[in-house]
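**Student:** Need coordinates for the below:
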Amino acid sequence: MRSIWKGAISFGLVTIPVKLYSATEQRDVAFHQVHREDGGRIRYRRVCQVCGQEVPFADVAKGYELPTGEMVVLTDEDLADLPLTTSHRIEVLQFTPMEQVDPVHFSKTYYLEPDRMGIKPYVLLREALAGSGQVAVVKVALRSREALATLRVREGVFVLETMLWPDEIRAPDFPFLTEKIDVRPQELAMATSLIESMQADFDPDEYKDVYREALLDVIEAKAEGREVVQPAAAEQPAATDLLAALRASVEAAKKSREEAARPAEKKAGGEKPTRRRSA
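**Tutor:** Got it, this is the predicted structure:
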């Protein structure tokens with residue numbers, strides 16, 4: 001991994017120099033826009049709507065459109081004068097229980113590696129934070145934008161998760177929220193039973209991106225000139241009654257659990273104990 005930012009954690013009077021790394025990566029299949037007839041790449045030009053001339057990147061500036069339609073053009077000097085108190089600094093504001101932070105706030109995840117001179121204070125804060133069962137709420141400036149973030153420990157490393165500001169989160173304003181919906185006790189009991197029957201420890205390695213794998217198969221087949229045949233999707237039975245659908249779902253979940261457990265039981269039962277030879 002390559003660091004994308006250097007700075008320091010500011011914890012009271014303690015300063016811990018760190019490097020920032022992206023902790024995640026998107027595995028999307030990237031496409032180019034091409035000419036259907038010959039596969040040539042489609043190129044786009046930066047053309048000014050006023051004079052019609054193509055504008056080189058060096059002459060492109062940031063503009064903010066006013067309600068009147070007028071454009072305020074900002075220069076690099078204008079932006080350089082803006083106050084970023086946390087520039088190259090991760091300022092610890094407070095410590096709080098993780099369950100008080102709604103995941104809807106989280107935006108991007110990063111790893112923090114200590115500089116050689118900062119390993120001991122890094123480990124000290126890591127151990128103290130891990131033992132507290134809390135997360136640090138911090139402020140940080142990345143890419144000329146200040147953000148709230150949380151600092152927590154994962155596999156011995158500090159994880160920085162930037163957060164959206166409160167006014168960036170939309171309120172769920174939907175009409176059904178004001179409607180009176182009657183839920184029968186039997187339906188609630190069956191829904192609860194379904195949740196219990198599907199309960200399991202979360203292991204992300206059990207899941208995979210089926211769509212991306214199928215898409216790569218299509219690309220590989222087309223590249224090799226093969227015909228691609230997609231299997232027909234299994235038909236889902238239409239549910240006419242909510243309670244009946246819940247009951248059928250519970251039975252299906254139990255059956256799936258039993259079938260998954262059989263190979264393990266058979267393997268355990270079929271294995272013969274090995275005898276040790278006496279020396």
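**Student:** phi, psi of Leu20?
**Tutor:** With angles defined as degrees, to the nearest 10, Leu20 sits at phi -110, psi 140.
**Student:** Next, count neighbours for it.
**Tutor:** 19 (other Cβ atoms under 10 Å). Heads up, the C-betas are built off the backbone N, CA and C, glycines and all.
**Student:** which ones are touching the closest residue in space to it that isn't next to it in sequence?
**Tutor:** Sequence neighbours aside, Trp5 is the residue nearest to Leu20 in space, at 3.8 Å (criterion: Cβ to Cβ, 6 or more residues apart in numbering). Trp5 makes contact with Lys19, Leu20, His88, Leu142, according to Cβ atoms under 8 Å, 6 or more residues apart in numbering.
**Student:** For the protein, just list every one of the strands.
**Tutor:** Using DSSP state E, the strands of the chain run over residues 5-11, 14-22, 62-65, 71-74, 89-97, 106-114, 134-142, 145-154, 157-163.
**Student:** related to what we said a few turns ago, for the contacts of Trp5, give me TSV that also has pLDDT.
**Tutor:** Converted to TSV, these look like this (pLDDT from 0 to 100):
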residue	pLDDT
Lys19	94
Leu20	94
His88	82
Leu142	86
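**Student:** Among the residues you listed, name the buried ones.
**Tutor:** Lys19, Leu20, Leu142 (16 or more other Cβ atoms under 10 Å).
**Student:** Looking at those residues, which is nearest Lys180?
**Tutor:** Each of the buried ones among the contacts of Trp5 was checked against Lys180 using Cβ to Cβ; the closest is Leu142, at 45.8 Å.
**Student:** Put the alpha carbons of stretch 207-225 into CSV.
**Tutor:** Provided in CSV are the C-alpha atoms of stretch 207-225 (Å, rounded to 0.1, in the frame of the first residue of the first chain):
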residue,chain,number,x,y,z
TYR,A,207,-20.2,-14.2,0.7
LYS,A,208,-19.0,-13.2,-2.7
ASP,A,209,-19.9,-10.8,-5.5
VAL,A,210,-21.8,-13.2,-7.8
TYR,A,211,-22.7,-10.5,-10.3
ARG,A,212,-19.0,-9.4,-10.8
GLU,A,213,-17.9,-13.0,-11.3
ALA,A,214,-20.6,-13.6,-13.9
LEU,A,215,-19.8,-10.4,-15.7
LEU,A,216,-16.1,-11.4,-15.8
ASP,A,217,-17.1,-14.8,-17.2
VAL,A,218,-19.1,-13.0,-20.0
ILE,A,219,-16.1,-10.8,-20.8
GLU,A,220,-13.8,-13.8,-20.9
ALA,A,221,-16.2,-15.7,-23.1
LYS,A,222,-16.6,-12.9,-25.6
ALA,A,223,-12.8,-12.4,-25.7
GLU,A,224,-12.4,-16.1,-26.6
GLY,A,225,-15.3,-16.1,-29.0
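**Student:** quick check: mean pLDDT across it?
**Tutor:** For stretch 207-225, the mean pLDDT works out to 84.
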